[in-house]
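what follows is a predicted structure for the sequence shown.
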Amino acid sequence: MYGALLVMVFFIPYSFALIEICQVTMIMAWMVKRFLLGKAPVRRGYAQDTDPVPNSMIGPLIAIGLLIVLTIPFSHDPSLSARKFFSRFLQQVFLMYLVTQVLDSRKRLYGVLSMLLLTFFLVTVDVMIQYTWGKSIVHHNSLIFGRVTGPMNHPNDLGTLLVTVLPVVLASIIISLKRMPWAGGAIGVLFLLLVSALGLTASRGAWVAFAVSMVALGICLKHYKLTVLIILMLAVFSWVYGVHCLSTRVDMYGVTSVTPSNIVKPSFINTSGLPSGFDALEILFGPSGREYYWGTAVNVIKHYPWFGCGYNAYVQTLRDLRVGHEEYPHNSLLHITAELGIVGLLFYLWLFVSLCLEGWKAMRRVAWAEDLHVLGGGLSCGILAWMVHSLMDTPWSSLQLNILLWLLIGILMSLGTYYKEEKRGTTA
(Lines give C-alpha, C1' and ligand atoms only; values in the text may rest on other atoms or scores of the structure.)
Protein backbone atom coordinates (compact mmCIF):
# COMPACT_ATOMS: atom_id res chain seq x y z
CA MET A 1 0.00 0.00 0.00
CA TYR A 2 2.81 2.40 0.90
CA GLY A 3 4.72 1.65 -2.29
CA ALA A 4 1.62 2.19 -4.43
CA LEU A 5 0.94 5.46 -2.61
CA LEU A 6 4.46 6.74 -3.35
CA VAL A 7 4.14 5.86 -7.04
CA MET A 8 0.72 7.54 -7.22
CA VAL A 9 2.05 10.72 -5.60
CA PHE A 10 4.88 10.85 -8.13
CA PHE A 11 2.54 10.49 -11.13
CA ILE A 12 -0.33 12.76 -10.02
CA PRO A 13 0.57 15.52 -12.52
CA TYR A 14 1.45 13.13 -15.33
CA SER A 15 -0.70 10.03 -15.82
CA PHE A 16 -4.38 9.23 -15.34
CA ALA A 17 -3.74 5.53 -15.98
CA LEU A 18 -1.01 5.18 -13.34
CA ILE A 19 -3.16 7.01 -10.80
CA GLU A 20 -5.95 4.49 -11.38
CA ILE A 21 -3.54 1.53 -11.29
CA CYS A 22 -2.03 2.68 -8.00
CA GLN A 23 -5.45 3.24 -6.46
CA VAL A 24 -6.62 -0.25 -7.46
CA THR A 25 -3.36 -1.72 -6.12
CA MET A 26 -3.85 0.04 -2.78
CA ILE A 27 -7.45 -1.18 -2.52
CA MET A 28 -6.48 -4.78 -3.33
CA ALA A 29 -3.60 -4.69 -0.86
CA TRP A 30 -5.94 -3.31 1.80
CA MET A 31 -8.42 -6.14 1.16
CA VAL A 32 -5.65 -8.74 1.51
CA LYS A 33 -4.48 -7.04 4.69
CA ARG A 34 -7.99 -7.04 6.17
CA PHE A 35 -8.37 -10.73 5.28
CA LEU A 36 -5.09 -11.66 6.97
CA LEU A 37 -5.88 -9.55 10.04
CA GLY A 38 -9.26 -11.25 10.25
CA LYS A 39 -7.54 -14.62 10.41
CA ALA A 40 -4.98 -13.50 13.00
CA PRO A 41 -5.51 -13.42 16.79
CA VAL A 42 -6.83 -10.12 18.10
CA ARG A 43 -3.98 -7.95 19.34
CA ARG A 44 -3.76 -4.47 20.74
CA GLY A 45 -1.62 -3.33 17.82
CA TYR A 46 -4.46 -3.96 15.39
CA ALA A 47 -6.74 -1.38 16.96
CA GLN A 48 -5.62 1.36 14.58
CA ASP A 49 -6.41 -0.79 11.53
CA THR A 50 -10.11 -0.54 12.34
CA ASP A 51 -10.14 3.24 12.75
CA PRO A 52 -12.75 4.65 10.35
CA VAL A 53 -12.89 7.99 8.58
CA PRO A 54 -13.20 10.72 11.27
CA ASN A 55 -16.64 10.47 12.88
CA SER A 56 -17.86 13.94 11.98
CA MET A 57 -17.16 13.25 8.28
CA ILE A 58 -18.95 9.90 8.09
CA GLY A 59 -22.45 11.42 8.13
CA PRO A 60 -22.04 13.85 5.21
CA LEU A 61 -20.07 11.33 3.13
CA ILE A 62 -22.80 8.72 3.53
CA ALA A 63 -25.48 11.33 2.79
CA ILE A 64 -23.71 12.46 -0.40
CA GLY A 65 -23.15 8.86 -1.52
CA LEU A 66 -26.81 7.93 -1.00
CA LEU A 67 -27.96 11.07 -2.82
CA ILE A 68 -25.76 10.23 -5.83
CA VAL A 69 -27.07 6.64 -5.94
CA LEU A 70 -30.72 7.65 -5.59
CA THR A 71 -30.46 10.29 -8.33
CA ILE A 72 -28.69 8.05 -10.89
CA PRO A 73 -31.97 6.85 -12.51
CA PHE A 74 -32.99 10.49 -13.10
CA SER A 75 -29.60 11.67 -14.40
CA HIS A 76 -29.18 13.02 -17.93
CA ASP A 77 -26.52 10.33 -18.34
CA PRO A 78 -27.26 7.48 -15.87
CA SER A 79 -24.42 5.22 -17.04
CA LEU A 80 -21.85 8.00 -16.66
CA SER A 81 -23.21 8.97 -13.23
CA ALA A 82 -22.96 5.35 -12.08
CA ARG A 83 -19.41 4.95 -13.39
CA LYS A 84 -18.24 8.18 -11.83
CA PHE A 85 -19.80 7.28 -8.51
CA PHE A 86 -17.48 4.28 -8.28
CA SER A 87 -14.44 5.66 -10.12
CA ARG A 88 -14.49 9.15 -8.59
CA PHE A 89 -16.50 9.57 -5.41
CA LEU A 90 -15.93 6.18 -3.76
CA GLN A 91 -12.30 5.89 -4.86
CA GLN A 92 -11.40 9.35 -3.63
CA VAL A 93 -13.08 8.89 -0.25
CA PHE A 94 -11.40 5.49 0.09
CA LEU A 95 -8.07 7.09 -0.84
CA MET A 96 -8.42 9.40 2.15
CA TYR A 97 -9.08 6.42 4.40
CA LEU A 98 -6.16 4.40 3.00
CA VAL A 99 -3.76 7.31 3.48
CA THR A 100 -4.71 7.51 7.16
CA GLN A 101 -3.97 3.77 7.45
CA VAL A 102 -0.66 3.84 5.57
CA LEU A 103 0.93 6.86 7.28
CA ASP A 104 1.50 5.26 10.66
CA SER A 105 4.98 6.67 11.28
CA ARG A 106 7.00 9.80 10.76
CA LYS A 107 9.23 7.90 8.34
CA ARG A 108 6.32 7.15 6.03
CA LEU A 109 4.86 10.63 6.42
CA TYR A 110 8.07 12.34 5.37
CA GLY A 111 8.60 9.73 2.66
CA VAL A 112 5.34 10.80 1.01
CA LEU A 113 6.19 14.49 1.46
CA SER A 114 9.65 13.95 -0.05
CA MET A 115 8.08 12.26 -3.06
CA LEU A 116 5.63 15.17 -3.38
CA LEU A 117 8.51 17.68 -3.35
CA LEU A 118 10.43 15.65 -5.95
CA THR A 119 7.37 15.51 -8.19
CA PHE A 120 6.85 19.26 -8.06
CA PHE A 121 10.52 19.93 -8.69
CA LEU A 122 10.14 17.99 -11.94
CA VAL A 123 6.97 19.97 -12.69
CA THR A 124 8.90 23.24 -12.38
CA VAL A 125 11.62 21.89 -14.70
CA ASP A 126 8.94 21.00 -17.24
CA VAL A 127 7.35 24.45 -16.88
CA MET A 128 10.62 26.32 -17.36
CA ILE A 129 11.50 24.24 -20.43
CA GLN A 130 8.05 24.88 -21.87
CA TYR A 131 8.34 28.62 -21.24
CA THR A 132 11.82 28.74 -22.82
CA TRP A 133 11.31 26.51 -25.87
CA GLY A 134 7.53 26.63 -26.28
CA LYS A 135 6.75 22.96 -25.56
CA SER A 136 6.76 20.86 -22.40
CA ILE A 137 8.92 17.74 -22.29
CA VAL A 138 6.29 15.43 -20.78
CA HIS A 139 3.17 15.82 -22.93
CA HIS A 140 4.66 18.27 -25.47
CA ASN A 141 2.02 20.86 -24.61
CA SER A 142 2.36 24.27 -26.23
CA LEU A 143 1.99 27.66 -24.58
CA ILE A 144 -1.55 29.08 -24.51
CA PHE A 145 -1.41 32.86 -25.10
CA GLY A 146 2.06 32.82 -23.56
CA ARG A 147 0.78 30.88 -20.52
CA VAL A 148 2.50 27.72 -19.29
CA THR A 149 0.58 24.48 -18.73
CA GLY A 150 3.41 22.12 -17.73
CA PRO A 151 2.08 18.54 -17.61
CA MET A 152 -1.53 19.72 -17.19
CA ASN A 153 -4.10 20.39 -19.91
CA HIS A 154 -4.70 24.05 -19.07
CA PRO A 155 -2.83 26.88 -17.28
CA ASN A 156 -5.63 27.19 -14.71
CA ASP A 157 -5.31 23.48 -13.85
CA LEU A 158 -1.58 23.96 -13.35
CA GLY A 159 -2.40 26.98 -11.18
CA THR A 160 -4.60 24.86 -8.92
CA LEU A 161 -1.92 22.18 -8.72
CA LEU A 162 0.72 24.72 -7.66
CA VAL A 163 -1.31 26.76 -5.15
CA THR A 164 -2.46 23.58 -3.42
CA VAL A 165 1.08 22.41 -2.73
CA LEU A 166 2.78 25.79 -2.10
CA PRO A 167 1.63 26.10 1.56
CA VAL A 168 2.92 22.57 2.18
CA VAL A 169 6.28 23.51 0.65
CA LEU A 170 6.51 26.65 2.80
CA ALA A 171 5.67 24.58 5.90
CA SER A 172 8.43 22.13 4.89
CA ILE A 173 10.90 25.03 4.70
CA ILE A 174 10.02 26.13 8.24
CA ILE A 175 10.41 22.57 9.53
CA SER A 176 13.70 21.90 7.72
CA LEU A 177 15.43 25.16 8.67
CA LYS A 178 15.36 24.14 12.34
CA ARG A 179 16.64 20.61 11.71
CA MET A 180 18.61 20.57 8.45
CA PRO A 181 19.31 24.12 7.21
CA TRP A 182 20.75 22.82 3.93
CA ALA A 183 17.49 20.98 3.22
CA GLY A 184 15.52 24.11 4.10
CA GLY A 185 17.60 26.07 1.60
CA ALA A 186 17.01 23.50 -1.14
CA ILE A 187 13.26 23.49 -0.49
CA GLY A 188 13.38 27.30 -0.47
CA VAL A 189 14.76 27.23 -4.02
CA LEU A 190 11.93 24.88 -4.98
CA PHE A 191 9.43 27.30 -3.42
CA LEU A 192 10.75 30.18 -5.54
CA LEU A 193 10.59 28.02 -8.68
CA LEU A 194 7.00 27.06 -7.89
CA VAL A 195 6.04 30.70 -7.30
CA SER A 196 7.64 31.62 -10.64
CA ALA A 197 5.75 28.82 -12.37
CA LEU A 198 2.53 30.03 -10.76
CA GLY A 199 3.17 33.53 -12.07
CA LEU A 200 3.78 32.21 -15.58
CA THR A 201 0.38 30.49 -15.61
CA ALA A 202 -1.23 33.98 -15.60
CA SER A 203 -4.08 32.31 -13.71
CA ARG A 204 -5.63 35.16 -11.77
CA GLY A 205 -7.89 32.90 -9.70
CA ALA A 206 -4.88 30.84 -8.64
CA TRP A 207 -3.10 34.06 -7.65
CA VAL A 208 -6.01 35.00 -5.39
CA ALA A 209 -5.96 31.52 -3.84
CA PHE A 210 -2.18 31.81 -3.37
CA ALA A 211 -2.52 35.14 -1.54
CA VAL A 212 -5.33 33.87 0.71
CA SER A 213 -3.53 30.62 1.62
CA MET A 214 -0.17 32.27 2.31
CA VAL A 215 -1.60 34.93 4.63
CA ALA A 216 -3.78 32.27 6.30
CA LEU A 217 -0.71 30.08 6.92
CA GLY A 218 1.20 32.92 8.58
CA ILE A 219 -1.77 33.71 10.83
CA CYS A 220 -2.49 30.03 11.53
CA LEU A 221 1.06 29.40 12.72
CA LYS A 222 1.14 32.75 14.59
CA HIS A 223 4.32 33.71 12.74
CA TYR A 224 3.53 37.37 12.39
CA LYS A 225 6.96 38.32 11.04
CA LEU A 226 6.50 35.61 8.44
CA THR A 227 3.06 37.05 7.64
CA VAL A 228 4.56 40.49 7.00
CA LEU A 229 7.24 38.92 4.79
CA ILE A 230 4.53 37.02 2.91
CA ILE A 231 2.54 40.20 2.29
CA LEU A 232 5.64 41.93 0.90
CA MET A 233 6.32 38.91 -1.30
CA LEU A 234 2.73 38.97 -2.56
CA ALA A 235 3.05 42.69 -3.41
CA VAL A 236 6.18 42.03 -5.51
CA PHE A 237 4.57 38.97 -7.07
CA SER A 238 1.44 40.93 -8.03
CA TRP A 239 3.49 43.74 -9.57
CA VAL A 240 5.83 41.57 -11.63
CA TYR A 241 3.37 38.97 -12.85
CA GLY A 242 0.51 41.45 -13.19
CA VAL A 243 2.63 43.26 -15.79
CA HIS A 244 3.49 39.89 -17.38
CA CYS A 245 -0.19 38.94 -17.49
CA LEU A 246 -1.19 42.20 -19.19
CA SER A 247 1.48 41.69 -21.85
CA THR A 248 0.59 38.06 -22.67
CA ARG A 249 -3.12 37.51 -21.99
CA VAL A 250 -4.29 38.96 -25.29
CA ASP A 251 -7.36 36.73 -25.01
CA MET A 252 -8.62 39.14 -22.33
CA TYR A 253 -8.43 42.05 -24.78
CA GLY A 254 -10.63 40.43 -27.38
CA VAL A 255 -7.81 40.21 -29.95
CA THR A 256 -6.05 37.17 -31.37
CA SER A 257 -2.50 38.51 -31.51
CA VAL A 258 -0.29 41.22 -30.12
CA THR A 259 0.66 43.96 -32.57
CA PRO A 260 1.95 47.50 -32.01
CA SER A 261 -1.37 48.81 -33.27
CA ASN A 262 -3.61 47.09 -30.73
CA ILE A 263 -1.58 46.58 -27.54
CA VAL A 264 1.36 48.41 -26.02
CA LYS A 265 3.63 46.04 -24.12
CA PRO A 266 3.50 46.93 -20.38
CA SER A 267 6.64 47.84 -18.51
CA PHE A 268 7.60 48.93 -15.01
CA ILE A 269 7.40 52.53 -16.17
CA ASN A 270 4.14 52.15 -18.07
CA THR A 271 2.55 49.47 -15.91
CA SER A 272 -0.77 49.27 -17.71
CA GLY A 273 0.62 49.54 -21.21
CA LEU A 274 -2.89 49.57 -22.61
CA PRO A 275 -4.38 51.43 -25.53
CA SER A 276 -7.12 53.96 -24.81
CA GLY A 277 -10.40 52.39 -23.76
CA PHE A 278 -8.81 49.61 -21.70
CA ASP A 279 -8.58 49.56 -17.92
CA ALA A 280 -5.78 47.47 -16.40
CA LEU A 281 -7.67 46.80 -13.16
CA GLU A 282 -10.81 45.82 -15.03
CA ILE A 283 -8.84 43.40 -17.19
CA LEU A 284 -6.91 41.86 -14.28
CA PHE A 285 -9.92 41.47 -12.01
CA GLY A 286 -12.67 40.98 -14.59
CA PRO A 287 -14.54 37.64 -14.83
CA SER A 288 -13.33 36.94 -18.41
CA GLY A 289 -16.66 35.51 -19.56
CA ARG A 290 -17.29 33.49 -16.42
CA GLU A 291 -20.55 35.35 -15.81
CA TYR A 292 -21.89 33.54 -18.88
CA TYR A 293 -20.94 30.14 -17.46
CA TRP A 294 -22.35 31.09 -14.05
CA GLY A 295 -25.60 32.20 -15.67
CA THR A 296 -25.86 28.88 -17.53
CA ALA A 297 -25.35 26.97 -14.26
CA VAL A 298 -28.06 29.05 -12.59
CA ASN A 299 -30.44 28.17 -15.43
CA VAL A 300 -29.67 24.47 -15.00
CA ILE A 301 -30.34 24.82 -11.27
CA LYS A 302 -33.70 26.45 -12.05
CA HIS A 303 -34.61 23.41 -14.16
CA TYR A 304 -33.53 20.91 -11.47
CA PRO A 305 -33.52 22.82 -8.16
CA TRP A 306 -33.73 20.09 -5.51
CA PHE A 307 -31.78 17.06 -6.74
CA GLY A 308 -29.89 18.36 -9.78
CA CYS A 309 -29.33 17.04 -13.28
CA GLY A 310 -27.29 14.02 -12.20
CA TYR A 311 -23.83 13.37 -10.79
CA ASN A 312 -21.17 14.24 -13.37
CA ALA A 313 -23.88 14.79 -15.99
CA TYR A 314 -23.53 18.58 -16.31
CA VAL A 315 -22.02 18.59 -19.81
CA GLN A 316 -24.62 16.10 -21.07
CA THR A 317 -27.33 18.34 -19.61
CA LEU A 318 -25.98 21.32 -21.55
CA ARG A 319 -26.13 19.24 -24.72
CA ASP A 320 -29.71 18.19 -24.02
CA LEU A 321 -30.77 21.76 -23.24
CA ARG A 322 -28.83 23.05 -26.30
CA VAL A 323 -27.39 26.07 -24.54
CA GLY A 324 -24.64 26.52 -27.12
CA HIS A 325 -21.54 25.63 -25.10
CA GLU A 326 -20.22 22.74 -23.02
CA GLU A 327 -18.16 24.52 -20.37
CA TYR A 328 -18.22 23.68 -16.67
CA PRO A 329 -19.61 26.42 -14.37
CA HIS A 330 -16.18 27.65 -13.14
CA ASN A 331 -17.56 27.64 -9.60
CA SER A 332 -17.64 24.54 -7.40
CA LEU A 333 -20.74 25.55 -5.47
CA LEU A 334 -22.71 26.17 -8.67
CA HIS A 335 -21.33 22.92 -10.10
CA ILE A 336 -22.43 20.91 -7.07
CA THR A 337 -25.86 22.53 -6.99
CA ALA A 338 -26.41 21.99 -10.72
CA GLU A 339 -25.57 18.27 -10.49
CA LEU A 340 -27.00 17.38 -7.07
CA GLY A 341 -29.40 20.23 -6.37
CA ILE A 342 -29.87 22.28 -3.24
CA VAL A 343 -29.97 19.08 -1.17
CA GLY A 344 -26.54 18.08 -2.51
CA LEU A 345 -25.15 21.55 -1.83
CA LEU A 346 -26.30 21.36 1.79
CA PHE A 347 -24.67 17.93 2.18
CA TYR A 348 -21.39 19.20 0.72
CA LEU A 349 -21.45 22.29 2.95
CA TRP A 350 -21.92 19.89 5.87
CA LEU A 351 -18.85 17.96 4.64
CA PHE A 352 -16.76 21.14 4.29
CA VAL A 353 -17.66 22.30 7.81
CA SER A 354 -16.82 18.84 9.18
CA LEU A 355 -13.50 18.91 7.33
CA CYS A 356 -12.62 22.28 8.87
CA LEU A 357 -13.46 20.98 12.35
CA GLU A 358 -11.43 17.80 11.86
CA GLY A 359 -8.46 19.77 10.55
CA TRP A 360 -8.61 22.05 13.60
CA LYS A 361 -8.81 19.02 15.90
CA ALA A 362 -5.86 17.35 14.16
CA MET A 363 -3.69 20.44 14.63
CA ARG A 364 -4.63 20.67 18.29
CA ARG A 365 -3.71 17.02 18.83
CA VAL A 366 -0.22 17.54 17.42
CA ALA A 367 0.40 20.90 19.09
CA TRP A 368 3.00 19.14 21.23
CA ALA A 369 5.15 18.40 18.13
CA GLU A 370 6.19 21.60 16.38
CA ASP A 371 7.00 19.97 13.05
CA LEU A 372 3.66 18.18 12.84
CA HIS A 373 1.80 21.32 13.90
CA VAL A 374 3.51 23.39 11.19
CA LEU A 375 2.87 20.67 8.62
CA GLY A 376 -0.78 20.54 9.67
CA GLY A 377 -1.03 24.28 9.02
CA GLY A 378 0.52 23.86 5.57
CA LEU A 379 -1.85 21.02 4.68
CA SER A 380 -4.89 22.97 5.91
CA CYS A 381 -3.93 26.07 3.91
CA GLY A 382 -3.22 23.95 0.82
CA ILE A 383 -6.75 22.56 1.04
CA LEU A 384 -8.02 26.11 1.56
CA ALA A 385 -6.19 27.27 -1.60
CA TRP A 386 -7.80 24.45 -3.60
CA MET A 387 -11.24 25.42 -2.33
CA VAL A 388 -10.73 29.14 -3.03
CA HIS A 389 -9.62 28.53 -6.61
CA SER A 390 -12.50 26.11 -7.16
CA LEU A 391 -14.85 29.07 -6.72
CA MET A 392 -13.37 30.63 -9.87
CA ASP A 393 -12.39 27.67 -12.04
CA THR A 394 -13.01 23.97 -12.78
CA PRO A 395 -10.78 21.79 -10.51
CA TRP A 396 -13.97 20.06 -9.34
CA SER A 397 -14.07 18.19 -12.68
CA SER A 398 -10.37 17.17 -12.76
CA LEU A 399 -9.31 13.70 -11.61
CA GLN A 400 -5.72 14.75 -10.92
CA LEU A 401 -6.70 17.79 -8.86
CA ASN A 402 -9.30 15.84 -6.88
CA ILE A 403 -6.75 13.12 -6.12
CA LEU A 404 -4.34 15.77 -4.82
CA LEU A 405 -7.10 17.27 -2.66
CA TRP A 406 -8.09 13.98 -1.05
CA LEU A 407 -4.44 13.01 -0.61
CA LEU A 408 -3.81 16.16 1.45
CA ILE A 409 -7.02 15.58 3.41
CA GLY A 410 -5.87 12.03 4.20
CA ILE A 411 -2.43 13.23 5.34
CA LEU A 412 -4.04 15.89 7.54
CA MET A 413 -6.41 13.38 9.10
CA SER A 414 -3.51 10.97 9.78
CA LEU A 415 -1.84 13.56 12.01
CA GLY A 416 -4.66 13.32 14.53
CA THR A 417 -4.73 9.52 14.81
CA TYR A 418 -1.35 7.84 15.08
CA TYR A 419 0.58 10.77 16.50
CA LYS A 420 -1.78 11.11 19.43
CA GLU A 421 -0.83 7.59 20.44
CA GLU A 422 2.85 8.37 19.78
CA LYS A 423 2.72 11.20 22.29
CA ARG A 424 1.17 8.95 24.94
CA GLY A 425 3.81 6.30 24.37
CA THR A 426 6.62 8.86 24.63
CA THR A 427 5.14 10.36 27.80
CA ALA A 428 4.74 6.96 29.42
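Happy to help now that I have it. Residues are numbered from 1 along each chain as shown.

does the residue nearest to the spatial centre of the chain sit in a helix or strand, and which one?
Most central in the chain under C-alpha atoms, centre = their mean is residue 386, positioned 4.1 Å from the mean C-alpha point. Taking DSSP states H and E as the criterion, residue 386 maps to helix 370-390.

buried set for that helix?
Across helix 370-390, burial judged by 16 or more other C-beta atoms under 10 Å covers 371-390. Yep, even glycine has a C-beta here, placed from its N, CA and C like the rest.

surely the residue nearest to the centre of the chain touches residue 163?
Yes - between residue 386 and residue 163 there is a contact under C-beta atoms under 8 Å: 7.4 Å.

for the chain, give me the ranges with low pLDDT.
Low-confidence segments of the chain (pLDDT under 70): 41-54, 246-247, 249-285, 287, 416-428.

next, the angle from the lengthiest helix in the chain to helix 370-390.
Using DSSP state H, we find that the single longest helix of the chain is helix 332-365. For helix 332-365 against helix 370-390, the angle by axes from the mean of the first three to the mean of the last three C-alpha atoms, to 10 degrees is 170 degrees.

how far is helix 332-365 from where the chain is centred?
The chain centre lies 15 Å from the centre of helix 332-365; the measure is C-alpha atoms, centre = their mean, to the nearest Å.

got a list of what the closest residue to residue 304 other than its chain neighbours touches?
Once flanking residues are discounted, residue 304 sits nearest to residue 341: 6.1 Å by C-beta to C-beta, 6 or more residues apart in numbering. By C-beta atoms under 8 Å, 6 or more residues apart in numbering, the contact set of residue 341 is 71, 301, 304, 305, 306, 307, 308.

can you tell me the helix or strand for the second one?
By that I understand residue 301. Take DSSP H and E as the rule and residue 301 turns out to sit in helix 290-303.

what's that helix packed up against?
Under the contact definition 3 or more C-beta pairs under 8 Å, 6 or more residues apart in numbering; DSSP states H and E, helix 290-303 sits against helix 314-321, helix 332-365.

residue 148: which of those helices is closest?
helix 332-365 (23.8 Å; C-beta to C-beta).

could you measure from the residue nearest to residue 304 over to residue 181?
Look at residue 341 and residue 181: by C-beta to C-beta, to the nearest Å, they are 53 Å apart.

again with residue 345
Per C-beta to C-beta, residue 345 is found 47 Å from residue 181.

likewise residue 217?
Distance of residue 217 to residue 181, computed by C-beta to C-beta: 21 Å.

between those two, which has more neighbouring residues?
Neighbours around residue 217 and residue 181, counted as other C-beta atoms under 10 Å, are more numerous at residue 217. The numbers are 27 against 10.

show me what contacts the nearest residue to that one once chain neighbours are set aside?
The shortest distance from residue 217 to any non-neighbouring residue, by C-beta to C-beta, 6+ apart, is to residue 381 (4.2 Å). Contacts for residue 381 (C-beta under 8 Å, 6+ apart) come out as 167, 213, 214, 216, 217, 220.

buried subset of the residues you listed as a ChimeraX selection?
Buried subset of the contacts of residue 381, written as a ChimeraX selection, criterion 16+ other C-beta under 10 Å:
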select :167,213,214,216,217,220
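
any chance of TSV for the contacts of residue 381, columns secondary structure and distance to residue 314?
Formatted as TSV, the contacts of residue 381 follow (DSSP: H, G, I helix; E, B strand; the rest coil; distance: C-beta to C-beta, whole Å):
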residue	secondary structure	distance to residue 314
167	helix	30
213	helix	27
214	helix	32
216	helix	30
217	helix	33
220	helix	34
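
looking at the contacts of residue 381, which one is closest to residue 235?
For the contacts of residue 381, the nearest to residue 235 is residue 214 (11.8 Å; C-beta to C-beta).

hmm, the closest one is touching residue 170, no?
Yes - Residue 214 is within contact range of residue 170, at 7.3 Å (criterion: C-beta under 8 Å).

returning to that earlier point: give the buried residues for the helix holding residue 301.
Neighbour-count burial for helix 290-303 [16+ other C-beta under 10 Å]: 290, 293, 296, 297, 300, 301.

check the gap between residue 407 and residue 378 for me.
According to C-beta to C-beta, residue 407 stands 13 Å off from residue 378.

nearest to residue 236, of the helices and strands packed on helix 290-303?
Nearest to residue 236 among those is helix 332-365 (29.7 Å), distances taken as C-beta to C-beta.

and that closest one with helix 314-321, angle?
Angle, helix 332-365 to helix 314-321, by the same axes, to 10 degrees: 170 degrees.

relative to helix 290-303, how tilted is helix 332-365?
Using the same axes, to 10 degrees: helix 332-365 against helix 290-303 is 100 degrees.

could you find the closest non-adjacent residue to residue 394?
That would be residue 328: by C-beta to C-beta, 6+ apart, it lies 4.3 Å from residue 394.

and for that neighbour, the neighbour number?
For residue 328, the neighbour count with other C-beta under 10 Å is 21.

alright, calling it a day.
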